[in-house]
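K.L.:
Below are the sequence and a predicted model for it; my questions follow.
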Amino acid sequence: MRSAVLYPSVIAQEGEDQDVPSRLTSTKMDNATEETNTNGTADVSDSPEADQDTPESSGLPEPTLPPKPFEPVFTVKVTDAAKDGEVVKYTLKTTKIKSDSEEYKVVRLYEDFEWLEHCLITQNDIAGIIVPPLPPKPSTTAQSAEARSKKQLGNDIKLVVGDEFEKDCRSLEKYLYLVVTHPILGQDESITKFLTVREAPTRAKLKKSIFSNLSKAVGEARKGGHKDVNEFFQKERDTVNEVSVQMKEAKENFMKIVYGEQRVAVGLSHLSTALHLGGQLQEGADVVVNKLFTQFSEGLEDAKQGLEVMAVNDENTLGFSLDLYSRYLEAEKEMLYRRTCKMMEFEAASKAVEKAKPQKREMVVAARDKAEKEFEDISKAAEKELKNFHHQRVLTFQDSLVRHADAKIKAARDTYALLTKCVTALKTLDTSFKPL
Amino acid sequence: MADDREPPPLFDDEKPDKKEEEDDLFATPNEAPKEEVKDEPASLPTEPVQDKASEDLFAADDDLFGAQNMQEDSAAPPQLEVVDEPPPEMDISGEGEEVDLDSPETEGPSSPAKMEPDSDSSPLEAPPMAEVLPPAKPVTEEKPKPTPAPRKPSMEKSKEEIEEEESGDQFALDIKVHDPGKIGDGMGAYMSYKVTTQTSIPAFRRPSMTVTRRFSDFLGLHEKLSQKHVHIGRIVPPAPEKSVVGMTKIKMSKEDTSSTEFVEKRRALLERFLQRISIHPVLQMDPDFRDFLEQDELPRATSTSAVSGAGVLRLIKGVGDTLSKVTIKMDESDQWFEEKQNQVEALDQQLKKLHASVEALVTYRKELGISTAAFAKSTAMLSNSEEHTALSRALSQLAEVEEKIEQVHLEQADNDFFLLSELLKDYIGIIQAIRIVFHERVKSFHNWQNAQQTLAKKREAEAKFKQTGKTDKIAHAQEEIREWEGKVEKGREDFEEISKTIRTEIRRFETNRVKDFRNIIIKYMETLMNSQQQLIKYWEGFLPEAKAIA
């Protein structure tokens, strides 16, 4: 009875470099697109200072050549997630930007990602860096799936939400993108090895992360309110405290919309099914009513499909960015916190100098100079990071909002077209019957 | 029963609709209703009398009107045709393309539903088409002339029907319940409703009238009609439900959304109740019904209050009836009735399941609306904190869009409810009325059987008198025999009469059911389409803002 299928399509990747994949693939936050954006704005390019450990090398002449701006070396895709028991294996495909022919394919576990993060943090001076946040570990057990389903669909809908491999792949892919395009982290050997070497790097048992939540919370509470010497940074700190909370809330509320859409879709589906429990008579009014119901139920299925597509797209576009930045803003907070600590160390060291007795003076002054330099270093790095960070944030949200709106429009149009067909079929349905 | 043939549909939905649909695929919602109206230029005059001008495809309230139009469709338009258009034929030719008297569609009995394809699609129309068709067809169709209640030409040619048709040709009743208002305060307070009727039936004093009624008046009307008609097998539309909770809120002056919803729900229910009566060929001519519509003052229907003496009596009678239902078994000689009863029960089951599903859907959709509103607020806060001007502006726009979308969801939930849920509930109620009528038939059969048994006893007694030679008692016995022979004959006649009536009523019910469901389903689907259009509109409005961020 249904004529040409015109399923509302889940948003496809949008990027000049990408082919539009088959209709029902969900969107991937396209690294390539973002690269075009960021490269174009030349924000990724850095002055040489960030690359060097000691920007103010004493006495040495500045290099005469213009510094080479950092360019990301790799493009990474997480193409697959396969479950092996309770362990999920992710397939990564990496190509070198400069030479397309060099392609690498490796398989990694989530624990490998954690190790990578650990290496990046410990092998680099990350003081002034906003470290890209690693997505939380996806849960794979049956209980967690059930819990997730209850949370999303509510207690009255007895359906189980499937594994969200697609989403996990994209989150990990985005993480790798952020690392690979970071001027400092992108140069780390660890990431190169992670992407190109077939065998997974050997992992040492990781102790609890140095940014353990408890110590962080306590520390922040004590020092977070400490007034800043710099107006720009004070404002930045105030803003991020406010916005990180709002972003989290926005993300939670947005996901409620997504779940709400899924629930309505389930409701439509139930109604559609109930319409099929028609009368058994083969004659009379029942026949016609059954025909009407069948057509109606098809129409409801169309509406349901439209909603499901919208839910997926929502999650892939705006939902994705809200989630990412909820976590990313935390990283910004952490970076600012590190700087605040340095600032307080500097202030303490300065005070010590004032109080120092002549014998100790030289030592104390040296300590203060060191603290001062560290503070200036971190401030400079931080300022650059913040500029990049915010610029990227604005672009990311712009991209998400545009894609979000586009996807909504497309899904609504497609749904409308399908509903129109259904209404036409209903109107032309022969409702004649032989009364019994 | 004779095969009934329906006239082919007045309009072919396909052409006009398709055209407009394509054109308006992404049009703003406001264009849609006009679209619908265009569908019928040829066939119908615009419906000035309809008073539905205010109806908007996208107003939930008006959808109620529209939905009710299904029932009363017969009522309104026919009158128009009669008054404004001289010969029905004119309309037919006006209908243009599709009215082909010999079209293949006329082969089987086509349902009346076909007659109102376009009218149903838009809330603006009334079923005018239905009315036009019947008059048009007499020449070519074997169909009997359309019944007065234009709703749908009755399917069968029974004596009763023909009488009705002849007397009620081209009559119509258009009834609206509107302007609910609270009278009084505290526990004695009540809601009053205006009832406006337009009619061409000469039995009414004026062609147009408005009266004020309260809820108990409606119950009183139902009571009177039931007393007169149920025992002879007519399906009287079920009385509107009382609601202690709802009314208490009103009395307590709680002015919140739930009490506004309650009032609206009740208003719509009362309207549908009256409209269903008005499309019944016999009930519409009932003098009590007429009085209800035209008398300025009605005697207070005290017997409808739950604790009145009459109410208690009703309760007892009801219990008695229930018991008798259990105890009276009837040897069903007529297969038709047994099948029908089974069918009705099966239908009841299905409708109840559907109703439960729809209620769940309404809840989910309302929740989605709430979530959307919460997100709108979050977005507004983000917009305030955002330092990047263009992004801030875009976020602020996003918040506005989400607020509008919340409204879309809530409106759609209203449509889910008022169109689907209430329709299902109505039919579950009608099925209850059908059960009552079947039961009356059983009672009638029982009476007849009782009379036969009594007659047999009397005959026995007479025979015994003859045997024992008690000649003095014979004459009396013979008198009694004659009396009871008469009663048996009457019992038989009554039984056959009620059986016949029920057959007619059931057929009418089936026809109405097909029509109602078709119309409501189409209307509902169109609200779904409309929601999509609104989404398109809002998101298309937002897109440039998003693109302008950087």
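P.N.:
Okay, I see it.
K.L.:
Not counting its own residues, what contacts stretch A:362-379?
P.N.:
A:55-56, A:127-128, A:230, A:233, A:338-339, A:342-343, A:345-346, A:348-350, A:352-353, A:356 (Cβ atoms under 8 Å, 6 or more residues apart in numbering or on different chains). Every C-beta, even on glycine, is put in place using the N, C-alpha and C of the backbone.
K.L.:
Mind doing that once more with 6 Å?
P.N.:
A:127, A:128, A:339, A:342, A:343, A:345, A:346, A:349, A:350, A:352, A:353, A:356 (Cβ atoms under 6 Å, 6 or more residues apart in numbering or on different chains).
K.L.:
what's the nearest residue to the fourth one if we skip its chain neighbours?
P.N.:
Read it as residue A:342. residue A:375 (4.6 Å; Cβ to Cβ, 6 or more residues apart in numbering or on different chains).
K.L.:
thinking again about what came up before, selecting buried members of the contacts of stretch A:362-379 in ChimeraX, what would you type?
P.N.:
Applied in ChimeraX, the following selects the buried portion of these according to 16 or more other Cβ atoms under 10 Å in any protein chain shown:
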select /A:127,128,339,342,343,345,346,349,352,356
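K.L.:
And the contacts of stretch A:362-379, which is closest to chain B?
P.N.:
Top of the list for closeness to chain B, among the contacts of stretch A:362-379 and by Cβ to the nearest Cβ, is residue A:339 at 19.1 Å.
K.L.:
List the buried residues in the host helix or strand of residue A:122.
P.N.:
Using DSSP states H and E, residue A:122 falls within helix A:110-123. Within helix A:110-123, the residues scored as buried using 16+ other Cβ under 10 Å are A:110, A:112, A:113, A:115, A:116, A:117, A:118, A:119, A:120, A:121.
K.L.:
now for that helix, which elements pack on it?
P.N.:
helix A:189-196 (3 or more Cβ pairs under 6 Å, 6 or more residues apart in numbering or on different chains; DSSP states H and E).
K.L.:
pull the CA atoms of the helix it packs on into PDB?
P.N.:
Extracted in PDB, the C-alpha atoms of helix A:189-196 (Å, rounded to 0.1, in the frame of the first residue of the first chain):
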ATOM      1  CA  GLU A 189      55.100  11.100  20.500                       C
ATOM      2  CA  SER A 190      52.500   9.300  22.400                       C
ATOM      3  CA  ILE A 191      49.700  10.300  20.000                       C
ATOM      4  CA  THR A 192      51.800   9.300  17.000                       C
ATOM      5  CA  LYS A 193      52.500   5.900  18.500                       C
ATOM      6  CA  PHE A 194      48.900   5.600  19.600                       C
ATOM      7  CA  LEU A 195      47.600   6.200  16.100                       C
ATOM      8  CA  THR A 196      50.200   4.400  14.000                       C
END
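K.L.:
Mind listing residues that contact that helix?
P.N.:
With Cβ under 6 Å, 6+ apart as the criterion, helix A:189-196 contacts A:74, A:94, A:104, A:116, A:119, A:120, A:179, A:201.
K.L.:
try 7 Å
P.N.:
A:74, A:76, A:92, A:94, A:104, A:106, A:116, A:119-120, A:123, A:179-180, A:185, A:201 (Cβ atoms under 7 Å, 6 or more residues apart in numbering or on different chains).
K.L.:
what's the answer for stretch B:180-189, then?
P.N.:
So stretch B:180-189 is in contact with B:190, B:191, B:192, B:193, B:250, B:251, B:263, B:267, going by Cβ under 7 Å, 6+ apart.
K.L.:
Can you mark which positions in it are buried?
P.N.:
residue B:180.
K.L.:
what about that stretch, how long is it end to end?
P.N.:
From its first residue to its last, stretch B:180-189 covers 13 Å (Cα to Cα, to the nearest Å).
K.L.:
does residue B:408 count as helix, strand or coil?
P.N.:
helix (DSSP: H, G, I helix; E, B strand; the rest coil).
K.L.:
quick one: it and residue A:181, what's the gap?
P.N.:
39 Å (Cβ to Cβ, to the nearest Å).
K.L.:
what does residue A:310 give?
P.N.:
The value you get for residue A:310 to residue A:181, if Cβ to Cβ is used, is 31 Å.
K.L.:
which residues touch residue B:352?
P.N.:
Here residue B:352 is in contact with residue B:428 (criterion: Cβ under 7 Å, 6+ apart).
K.L.:
Residue A:375 is in what secondary structure piece?
P.N.:
helix A:358-427.
K.L.:
what's the spacing between that helix and its chain's center?
P.N.:
10 Å (Cα atoms, centre = their mean, to the nearest Å).
K.L.:
one step back: who touches the helix holding residue A:122?
P.N.:
So helix A:110-123 is contacted by A:88, A:131, A:134, A:137, A:172, A:179, A:185, A:188, A:190-191, A:194, A:200-201, A:203, A:206 (Cβ under 7 Å, 6+ apart).
K.L.:
Which single one of those is nearest to chain B?
P.N.:
Nearest member of the contacts of helix A:110-123 to chain B, counting by Cβ to the nearest Cβ, is residue A:131, at 22.4 Å.
K.L.:
where's the nearest residue to that closest one once chain neighbours are set aside, which helix or strand?
P.N.:
Leaving aside its chain neighbours, residue A:131 sits nearest to residue A:331 (5.2 Å; criterion: Cβ to Cβ, 6+ apart). Secondary structure from DSSP H and E places residue A:331 in helix A:320-355.
K.L.:
and the angle for that helix with helix A:358-427?
P.N.:
170 degrees (axes from the mean of the first three to the mean of the last three Cα atoms, to 10 degrees).
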